[in-house]
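Asks: Sequence first, then the predicted structure, then my questions.
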Amino acid sequence: MRPDVRHWFGTRTYTAGTWRAAQLLERKADGGTTVSVVLPALDEERTVGDIVAALRRALVEDCPLVDEVVVVDSGSTDRTAQVAATAGATVVTAADVLPAHGGRPGKGEALWKSLHATTGDLVVFVDADLIGFDPQFVVGLLGPLLTDPAIGYVKALYDRPLTTVDGIVPSGGGRVTELLARPLINAFWPELAGFVQPLSGEYAGRRDLLERVPFVSGYGVELGLLVDLAALAGLDALAQVDLGTRRHGHQPDAALGRMAGQVLQTALARRPGGGRPATELLQFLRTADGLEGVTWDVGVAERPPMRSVRRAAARDGTPRP
């Protein structure tokens, strides 16, 4: 692991259990800070109601750490909007927000429009397809922002159990992350290699930062925000929080391919010019002592066409073996 990445990882990686909602409520009151929680949703009637109800019960009614819970519906054809509203969320339809700007398909569009539809100084984004949602996720993401003014953006990290035909694999999932996003980040933005889940759908930020960067309309939004916010605010303004285990539905390979295509387009649009990409790949393992980074050399060598080798040998008079 690079020394700068090791230092950042050691000073900017937290665990959600570090903070309690009541403790953060005091910090929030001291600073006069307001908090919005946003759930982008498309056909998530099975899970969105439970998430909203848990949020409202724990962090609005029992301990008013959150000021508003907003579901941005991206045109669901099921009962997502009705279920979310019944559970207590404010529901807005993405197409109705900033209509003069038109609409684009994708998650990032809903997140971008949520900045216009919400008012909180701190904005927490939570995917609407989580299973067994724990409100401590939101508490953990708010912890660094409410206790350290130098931190402006916080990503979640977690284990993602992968459901297979043989049952649930305790750690796995994140296939687009491991097969595409992590290699891209290590190659072109190695200073960001310490982010365990760079594509995580749970993160929080200060509005004054979030409103200063573009939002990619599709699934490239998470990578775009990470790269752009690091460039804008500096690496030390970014942090990550270990939420433990996160469960959600898994998409088929064809859908993941489309997601990967959008992540790739986002990366190519931001690729730094000049120079060769870095050849180290940092991956993470969950051990009894926590998270362990393992570095691999993934550099490749390119051999010339064999015909050119033979022609050169012939010119030099080297006998062919």
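Replies: Happy to help now that I have it.
Asks: I'd like the C-alpha coordinates of stretch 293-302 written as PDB, please.
Replies: Below are the C-alpha coordinates for stretch 293-302, written out as PDB (Å, rounded to 0.1, in the frame of the first residue of the first chain):
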ATOM      1  CA  GLY A 293      -5.000  -4.300   2.300                       C
ATOM      2  CA  VAL A 294      -3.200  -6.600  -0.100                       C
ATOM      3  CA  THR A 295      -1.200  -5.100  -3.000                       C
ATOM      4  CA  TRP A 296      -0.700  -6.900  -6.300                       C
ATOM      5  CA  ASP A 297       1.400  -5.900  -9.300                       C
ATOM      6  CA  VAL A 298      -0.900  -6.100 -12.300                       C
ATOM      7  CA  GLY A 299       1.500  -4.500 -14.800                       C
ATOM      8  CA  VAL A 300       1.700  -6.100 -18.200                       C
ATOM      9  CA  ALA A 301       4.500  -6.200 -20.800                       C
ATOM     10  CA  GLU A 302       3.700  -6.000 -24.500                       C
END
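Asks: can you pull the buried residues of it?
Replies: residue 293 (16 or more other CB atoms under 10 Å). Backbone N, C-alpha and C define where each C-beta goes, glycine included.
Asks: Repeat that for stretch 217-234.
Replies: Of all the residues in stretch 217-234, those buried under the rule 16+ other CB under 10 Å are 217-230, 233.
Asks: pLDDT wise, what is residue 253 at?
Replies: In this prediction, residue 253 carries a pLDDT score of 66.
Asks: what does the lengthiest helix in the chain contact?
Replies: The longest helix of the chain (DSSP state H) is helix 253-270. Here helix 253-270 makes contact (CB atoms under 8 Å, 6 or more residues apart in numbering) with 106, 175-176, 179-181, 184, 188, 199, 216, 218-221, 223-224, 227-228, 251.
Asks: out of those, which are inside helices?
Replies: Using DSSP H, those in helices are 175-176, 184, 188, 221, 223-224, 227-228.
Asks: got the CA coordinates for stretch 68-87 in CSV?
Replies: C-alpha atoms of stretch 68-87 as CSV (Å, rounded to 0.1, in the frame of the first residue of the first chain):
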residue,chain,number,x,y,z
GLU,A,68,-36.5,15.3,6.3
VAL,A,69,-36.7,11.9,4.5
VAL,A,70,-37.2,12.3,0.8
VAL,A,71,-37.8,9.5,-1.8
VAL,A,72,-37.1,10.6,-5.4
ASP,A,73,-39.1,8.3,-7.6
SER,A,74,-37.6,7.8,-11.1
GLY,A,75,-40.9,6.8,-12.7
SER,A,76,-41.7,3.6,-10.9
THR,A,77,-44.4,1.4,-12.4
ASP,A,78,-45.2,-0.3,-9.2
ARG,A,79,-46.4,1.1,-5.8
THR,A,80,-43.0,2.6,-4.7
ALA,A,81,-44.4,6.1,-4.4
GLN,A,82,-47.5,5.1,-2.5
VAL,A,83,-45.6,2.7,-0.1
ALA,A,84,-43.0,5.4,0.6
ALA,A,85,-45.5,8.1,1.3
THR,A,86,-47.6,5.8,3.6
ALA,A,87,-44.4,5.0,5.6
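Asks: what's the neighbour count on the nearest residue to residue 117 once chain neighbours are set aside?
Replies: Nearest-residue entry for residue 117: residue 92, 4.8 Å, with adjacent residues in sequence omitted and distances by CB to CB, 6 or more residues apart in numbering. Residues within reach of residue 92, counting by other CB atoms under 10 Å, total 20.
Asks: Now do the strand or helix carrying residue 92: distance to the chain's middle.
Replies: For residue 92, the host element (DSSP states H and E) is strand 90-93. Put simply, strand 90-93 sits 22 Å off its chain's centre (CA atoms, centre = their mean, to the nearest Å).
Asks: Which strands and helices lie in contact with the helix or strand that that strand is followed by?
Replies: Sequence-wise, the next helix or strand downstream of strand 90-93 (DSSP H and E) is helix 107-117. When contacts are defined as 3 or more CB pairs under 8 Å, 6 or more residues apart in numbering; DSSP states H and E, helix 107-117 packs onto strand 35-41, strand 68-73, strand 90-93, strand 122-125, helix 221-233.
Asks: okay, the angle between the longest one and helix 253-270?
Replies: What that stands for is helix 221-233. Orientation of helix 221-233 against helix 253-270 (axes from the mean of the first three to the mean of the last three CA atoms, to 10 degrees) gives an angle of 20 degrees.
Asks: Look up the closest residue to the residue nearest in space to the middle of the chain, ignoring the ones flanking it.
Replies: Central residue of the chain (CA atoms, centre = their mean): residue 200, 2.9 Å from the mean position. Leaving out its chain neighbours, the residue that sits closest to residue 200 by CB to CB, 6+ apart is residue 156, at 4.5 Å.
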